[in-house]
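**Q** what would the 3D arrangement of this be:
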Amino acid sequence: MTANQRQALFEALELLWQEARLQPLTTEGRFYVITGGPGSGKSSLIDALERAGYGRTIEAGRKIIQEQMSIGGHALPWDDRTLFAEMMLDREMRSYREAQQRKGIVFFDRGVADVSGYLRLLGQPVPEHIKKAAEVVRYNQHVFVAPPWKEIFRQDRERKQDFEEAIRTCDALVATYQSYGYDLVELPRVSIDARVKFVVERVK
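**A** Presented below is the predicted three-dimensional model:
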């Protein structure tokens with residue numbers, strides 16, 4: 001990561017913080033995070049919720065990986081992990097701001113606290129500005145967790161983790177969200193339609 005790239009990133013984050021100070025984040029009650037380890041059916045569930053008429057966001061990490069690989073960038077979890085984490089933070093905060101312009105319930109494919117969880121998984125210290133982001137950018141008190149599910153787990157071009165790392169990732173995220181005061185709701189290992197019904201019953 002060059003000095004110019006780092007400076008541009010810090011300037012973008014500073015602009016977001018200025019907006020946060022001017023516009024209090026008060027719409028978290030209708031924002032529901034769905035988190036969990038890779039390959040747990042999380043994104044498939046959110047796709048189905050979108051088809052059912054609910055708002056949604058796109059998982060920041062996977063999108064960043066796709067974009068970086070297409071341009072030969074280095075903000076990748078197997079290259080520059082620090083830059084990858086900073087870009088995830090930036091993307092998650094932007095998703096939150098965009099969701100504030102919508103009406104009704106919005107399901108988030110991971111949230112700001114996932115960035116802290118990612119660093120926790122790596123055994124790296126969480127910078128103060130990332131801790132602050134997770135404290136300021138708040139979602140509904142109840143966070144849905146997709147648990148590790150070996151029968152549906154698959155690796156792909158962007159998902160290089162094995163199942164054991166998927167388990168460790170889920171554990172790190174559970175601990176992280178609990179540390180920020182959220183109540184976790186584990187999703188059952190059932191069909192997508194049954195998961196949709198489970199989630200909708202609880203958000204209503």
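
**Q** what ranges in this protein fall below the confidence cut-off?
**A** Low-confidence segments of the chain, defined by pLDDT under 70: 1-27, 155-160.

**Q** quick check, central residue of it?
**A** Arg110 (2.2 Å; CA atoms, centre = their mean).

**Q** how near is it to Val199?
**A** 15 Å (CB to CB, to the nearest Å). C-beta coordinates here come from the backbone N, C-alpha and C atoms, glycine included.

**Q** over to the residue nearest to the centre of the chain: give its phi and psi.
**A** Per-residue torsions, Arg110: phi 80, psi 160 (degrees, to the nearest 10).

**Q** for it, give me its contacts.
**A** Going by CB atoms under 8 Å, 6 or more residues apart in numbering, Arg110 touches 33-35, 42, 59-61, 92.

**Q** number of residues surrounding Val190?
**A** Using other CB atoms under 10 Å, Val190 has 12 other residues around it.

**Q** any chance of the contacts of Arg110 in a markdown table, plus neighbour count?
**A** Output for those, formatted as a markdown table (neighbours: other CB atoms under 10 Å):
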| residue | neighbour count |
| --- | --- |
| Val33 | 26 |
| Ile34 | 27 |
| Thr35 | 26 |
| Lys42 | 22 |
| Glu59 | 24 |
| Ala60 | 25 |
| Gly61 | 23 |
| Glu92 | 25 |
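
**Q** in strands, which of these appear?
**A** Per DSSP state E, strands hold the following members of these: 33-35.

**Q** from those, which is closest to Gln101?
**A** Val33 (18.4 Å; CB to CB).

**Q** any idea how far the closest one lies from Val112?
**A** 9 Å.

**Q** just flag the most distant two among the contacts of Arg110.
**A** Farthest pair in the contacts of Arg110 (CB to CB) is Lys42 and Glu92. Separation: 14.8 Å.
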